[in-house]
Structure formats: structure tokens, C-alpha cells
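A.B. asks: Got a sequence here, can you build the structure:
(one chain, ligands or ions: 2)
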Amino acid sequence: MTSSFNEVLIAPSILAADFAQLGAQVKAAEEAGADWIHVDVMDGQFVPNITMGPLVVRALRDVTDLTLDVHLMIVQPENYVQAFADAGADLISVHLEASPHLHRTLQQIRDAGCKAGVAINPHTPARALQEIITMIDLVNVMTVNPGFGGQSFIMDTKSKIAQLRAMIGDVKADVHIEVDGGINAETASHAVQAGANVLVAGSAIFKHESGIAAGMDVLRGALAAELE
Ligand code: DX5
Ligand code: ZN
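C.D. replies: Residues are numbered from 1 along each chain as shown. Ligands and ions are numbered 1, 2, ... in the order given. I've put the predicted structure just below:
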């Protein structure tokens with residue numbers, strides 16, 4: 001693996017959790033070794049689905065000290081950055097495609113005391129990040145079209161992950177490359193080989209037939225085999 005970060009982090013996406021037991025499920029993921037908790041915010045505008053807002057982030061803040069990785073799939077994300085920061089987000093990612101003044105929005109995220117990420121849809125090229133790569137802590141490479149959990153990993157995104165890893169190496173920046181969508185034991189290996197170091201996984205963890213800990217173990221097992 002060519003990541004500048006030494007370990008691969010796993011960020012369970014609560015989109016696939018049982019919302020009637022959200023606190024307990026997040027605790028279970030934490031106890032099973034989750035590194036971050038990924039929170040998918042959708043507005044029914046940028047993506048064709050509506051999920052959750054700052055209230056859920058605030059509730060999660062009371063149950064875990066893990067990094068809350070908030071992925072805003074919303075139009076005009078600048079209008080909500082402060083609300084998510086106040087609710088307890090540690091890292092806020094906005095979509096490049098939803099942000100005409102991305103530089104300003106990233107500055108706003110930092111000023112609010114959070115780490116700043118940019119998410120890119122499958123059609124958006126790596127080079128679109130060239131001018132802001134040194135301003136960000138994370139790039140979220142969408143490996144499905146955003147909007148729903150349980151979709152299949154788009155293999156064509158592997159070359160983009162590799163291009164981004166090279167771009168980050170060229171500027172000697174410490175930028176996480178997160179992959180989001182369709183991650184399971186098999187696709188996790190592809191993503192890590194290409195240069196990703198943060199794996200978002202919803203269905204593979206929260207919908208694993210043997211439970212959350214088993215889902216985490218399967219992913220960790222695949223990564224351990226990869227790093228051998
Ligand atoms: C999709 C979301 C993903 C999603 C991943 O729009 O950004 O985080 O929850 O879910 P799985 O792992 O089920 O593909
Ligand atoms: Zn996400």
C-alpha cells in the first residue's frame with residue numbers, strides 16, 4: 001500500500017444501522033474496533049433520499065468519543081456547517097459538485113473547528129481537486145452514486161484513487177483517502193491496493209448476518225491478509 005498513513009481505518013456508516021437502537025449499535029461498532037463513525041446526511045435535493053441532520057450528530061456525540069465523520073450530501077452545505085460543528089462533528093465533508101465556492105466552504109469548516117473533507121461523485125475526475133488538495137484533511141472518493149446504501153462498488157474508481165494518492169504524494173500532504181460505497185471484504189482489498197486508507201462500510205457491518213462484531217472482523221481479516 002502506498003498511503004502516507006500507516007494503518008487503514010474503518011468507518012462504519014450508520015445509514016445501515018437499526019435506527020431504533022442507534023446508540024447501542026454505535027457502541028457495538030466501537031467495541032468491535034471501529035475507528036470513526038460515518039454519518040450520511042442527505043437532503044432529497046442533492047441526492048434522491050432524505051436521512052438525518054444535526055440532531056442525530058448531537059445524540060451520537062453523547063454516546064461515543066470516536067471521530068464523527070459527517071458526509072454532507074446536501075445542496076448549499078455552507079448553510080449547515082456551523083450547525084453540524086456545534087452538534088459535535090469532528091470532520092465535515094462537502095461535495096465538490098454542490099459547492100461553487102468550495103475554497104470558502106472549506107475555510108468555514110476549519111474556522112468552525114473541524115477537519116475538512118471533500119467528497120467527489122464517480123464522474124468527477126481526480127484533477128478537479130488539484131487546486132485545493134493542500135487545504136483538505138480528507139477526500140471521499142464515492143465508489144457508488146451517493147444516495148443509498150447497499151449498492152455495488154464501481155471498479156472504475158480504482159484508477160482515480162491511485163491518481164489521488166499520487167497527487168497527494170506529489171504535494172507531500174497528509175490527506176486521507178476515504179472510499180464510500182459497496183465496501184466488503186473483497187472490494188476493501190481493491191480500494192486499499194489502489195491507495196485508500198479509510199474504508200466506509202454500512203451494509204457489510206450493520207447488516208452482517210452474524211452481527212456487527214462479525215462484520216468488523218471480516219473486514220479487518222481482509223485487511224490483515226492484504227497487508228501481509
Ligand atoms: C451512500 C453513502 C454511503 C453508504 C455506504 O450515499 O454515502 O456512506 O452508507 O453504504 P454501503 O456500505 O451499504 O454501500
Ligand atoms: Zn457516506
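
A.B. asks: which residue ranges form the strands in this structure?
C.D. replies: Remark: strands assigned in the chain by DSSP state E are 9-12, 36-42, 67-73, 91-95, 115-120, 138-142, 176-180, 198-201.

A.B. asks: Dump those to a markdown table, plus distance to Lys207.
C.D. replies: C-betas here are computed from N, CA, C, even on glycine. Formatted as a markdown table, those follow (distance: least, Cβ to Cβ, whole Å):
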| stretch | distance to Lys207 |
| --- | --- |
| strand 9-12 | 11 |
| strand 36-42 | 15 |
| strand 67-73 | 19 |
| strand 91-95 | 23 |
| strand 115-120 | 22 |
| strand 138-142 | 20 |
| strand 176-180 | 16 |
| strand 198-201 | 10 |
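
A.B. asks: Just name the most buried of these.
C.D. replies: strand 198-201 (a mean of 29; mean count of other Cβ atoms under 10 Å).

A.B. asks: which other residues reach that strand?
C.D. replies: In this structure, residues lying in contact with strand 198-201 by Cβ atoms under 8 Å, 6 or more residues apart in numbering are 8-13, 35-36, 38, 69, 71, 138, 140, 176-181, 183-184, 188, 191-192, 215, 219, 223.

A.B. asks: How about stretch 53-68?
C.D. replies: With contacts defined as Cβ under 8 Å, 6+ apart, stretch 53-68 is touched by 11, 14, 22-23, 26-27, 30, 34-37, 39, 41, 70, 80, 83-84, 86-91.

A.B. asks: residues from the chain in reach of ligand 1?
C.D. replies: 13, 15-16, 38, 40, 71, 144, 146-147, 149-151, 180-183, 200-204 (Cβ under 6 Å from any ligand atom).

A.B. asks: May I see the strands of the chain arranged in a markdown table, with mean pLDDT as well?
C.D. replies: A markdown table is the format used below for these (pLDDT from 0 to 100):
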| stretch | mean pLDDT |
| --- | --- |
| strand 9-12 | 98 |
| strand 36-42 | 99 |
| strand 67-73 | 99 |
| strand 91-95 | 99 |
| strand 115-120 | 99 |
| strand 138-142 | 99 |
| strand 176-180 | 98 |
| strand 198-201 | 98 |
